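Novice: Just a sequence and a predicted model for now, questions to come.
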Amino acid sequence: MVVTTQQLIQWKQQGRSIVALTAWDYAIAQLLDAAGVDLILVGDSMAVVLGYETTLPITLEEMLYHAKSVRRGVKRALVVVDLPFLTYQESIQQAMHSAGLVLKETGAQAVKLEGGYPAMVETIARLVQAGIPVMGHVGLTPQSVHQLGLRQQGKTQETAERILNEAIALEQAGVFAIVLEHIPAELALRITQKLSIPTIGIGAGIHCNGQVLVTSDVLGLSEKHPPFAKVYTNLRETITKAVQDYALEVREQKFP
């Protein structure tokens, strides 16, 4: 059965946790989908996989290319695509064009936009009115790295209230789910209890309705990973060892 945005909301009501991971190509997407992942995010975190220092340089064209590849590998999971930096912040018209391209060209079912400030809430409301499913994202928003850094957000009462109010405003604007990134678990619990839509946590504690991590972190492919990520295997070591073994056999003429 194909996962839908409405199903995610039903799962929150049923108390079923949502499993989400990121993907950047056909092979990874196919594996995640076959393993039973519910939501596959073509995240702008892919920028780091492609060798950039932050998420900021990645373009809409690059996101479209990789999202098409991911979508071809998925049969069941909901595919959500990040709109990259400066492809939706300038105007509602720009956001509509970018989000529309994602849905038309990739076959993905939804887009994700960062931020819950008033202008972004208005933009998201217009996208939803146009029939474009949107996932929200509050807390640490990596596209604001030069403003916020990578520090945990919502640690003071003032910032916690702001993030809570942003989440409420995003639900009212029509998002079907919200990513809560790198905020205290107590704040994530408050938001999760307040909203009728699911919260997907990344570094936000155990009280969210689901969890998402960057797949390259989970698989041990990343050179470095955030403190809240869990490494389940070390593919850097596995791949390096396999390539070294192959190279040795070629040089010693043991292969083929």
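Specialist: Yep, that arrived.
Novice: all helices in the chain, in order from the N-terminus.
Specialist: Per DSSP state H, the chain carries helices over the ranges 5-14, 26-34, 46-49, 60-72, 92-106, 118-129, 145-148, 157-173, 185-194, 215-218, 235-251.
Novice: which residues touch the last one?
Specialist: The list of residues contacting helix 235-251 from outside it, by Cβ atoms under 8 Å, 6 or more residues apart in numbering, reads 219-221, 254-255. All C-beta spots, glycine's among them, are computed from the backbone N, C-alpha and C.
Novice: Which among these count as buried?
Specialist: By neighbour count, with 16 or more other Cβ atoms under 10 Å, the contacts of helix 235-251 hold 219-221 as buried.
Novice: By mean pLDDT, show me the worst of the helices of the chain.
Specialist: Mean pLDDT per stretch puts helix 145-148 lowest among the helices of the chain, at a mean of 90.
Novice: Okay, buried residues for that helix please.
Specialist: By neighbour count on 16+ other Cβ under 10 Å, the buried set for helix 145-148 is empty.
Novice: Same check on stretch 31-42?
Specialist: Within stretch 31-42, the residues that count as buried by 16+ other Cβ under 10 Å are 32-33, 37-42.
Novice: First-to-last residue distance for that stretch?
Specialist: By Cα to Cα, to the nearest Å, the extent of stretch 31-42 from end to end equals 14 Å.
Novice: and Leu64, how many neighbours?
Specialist: Look at Leu64: counted by other Cβ atoms under 10 Å, it has 19 neighbours.
Novice: check contacts around it.
Specialist: Contacts for Leu64 (Cβ under 8 Å, 6+ apart) come out as 101-102, 105-106.
Novice: Nearest to Gln6, out of the buried ones among the contacts of helix 235-251: which one, please.
Specialist: Distance to Gln6, by Cβ to Cβ, is smallest for Leu219 among these, at 30.5 Å.
Novice: my guess is that closest one meets Thr233, correct?
Specialist: Yes - if you go by Cβ atoms under 8 Å, Leu219 and Thr233 touch, sitting 5.9 Å apart.
Novice: on that earlier part again, for the helices of the chain, could you give me JSON lines that also reports distance to Phe85?
Specialist: JSON lines is the format used below for the helices of the chain (distance: least, Cβ to Cβ, whole Å):
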{"stretch": "helix 5-14", "distance to Phe85": "24"}
{"stretch": "helix 26-34", "distance to Phe85": "23"}
{"stretch": "helix 46-49", "distance to Phe85": "9"}
{"stretch": "helix 60-72", "distance to Phe85": "10"}
{"stretch": "helix 92-106", "distance to Phe85": "11"}
{"stretch": "helix 118-129", "distance to Phe85": "13"}
{"stretch": "helix 145-148", "distance to Phe85": "10"}
{"stretch": "helix 157-173", "distance to Phe85": "19"}
{"stretch": "helix 185-194", "distance to Phe85": "24"}
{"stretch": "helix 215-218", "distance to Phe85": "20"}
{"stretch": "helix 235-251", "distance to Phe85": "28"}
